[in-house]
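Asker: Next comes the sequence, and after it the predicted model I'd like to discuss.
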Amino acid sequence: MLSAPSGHNANQTGPRYGHANDNDEIDLFELLFRLWDKKGLIVMVTLVTMLIASIYAFTASKNSGRLKPMYPHSK
């Protein structure tokens, strides 16, 4: 039998995790704890994205985002 990447079998029914509630409620404390556990990854992705955006912003030429007219202006 093939299993899904999350460890949940494709033909199983019910929640993927044993601690999930049956009434589809979101446990905000559990969500916050999971985010807090991954804070290093979140900070690294944020910093790398800011670094790439900063490099682009300071090195891009002023005309790099402008479209050039296809036809010259006629008077």
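Answerer: Great, that's in hand.

Asker: Grab the longest helix from the chain for me.
Answerer: For the chain, the longest helix by residue count, based on DSSP state H, is helix 39-59.

Asker: For that helix, name the packing helices and strands.
Answerer: Helices and strands touching helix 39-59, by 3 or more CB pairs under 8 Å, 6 or more residues apart in numbering; DSSP states H and E: there are none. For every residue, glycine as well, the C-beta is placed using N, CA and C.

Asker: what's the average pLDDT for it?
Answerer: When pLDDT is averaged over helix 39-59, the result is 96.

Asker: Contacts for it next, please.
Answerer: Outside helix 39-59, the residues that touch it by CB atoms under 8 Å, 6 or more residues apart in numbering are Leu35.

Asker: For it, buried residues please.
Answerer: The neighbour-count check on helix 39-59 (16 or more other CB atoms under 10 Å) flags nothing as buried.

Asker: Same check on stretch 67-75?
Answerer: For stretch 67-75, burial by neighbour count (16+ other CB under 10 Å) applies to no residue.

Asker: May I have it as CSV, with CA atoms only?
Answerer: The C-alpha trace of stretch 67-75 is given here as CSV (Å, rounded to 0.1, in the frame of the first residue of the first chain):
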residue,chain,number,x,y,z
LEU,A,67,8.0,49.4,-21.0
LYS,A,68,9.4,50.8,-24.2
PRO,A,69,6.9,52.2,-26.7
MET,A,70,6.5,50.0,-29.8
TYR,A,71,5.9,52.9,-32.1
PRO,A,72,7.5,56.4,-31.9
HIS,A,73,5.3,59.3,-31.0
SER,A,74,3.8,61.1,-34.0
LYS,A,75,2.9,64.8,-33.8
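
Asker: I am finished for the moment; much appreciated.
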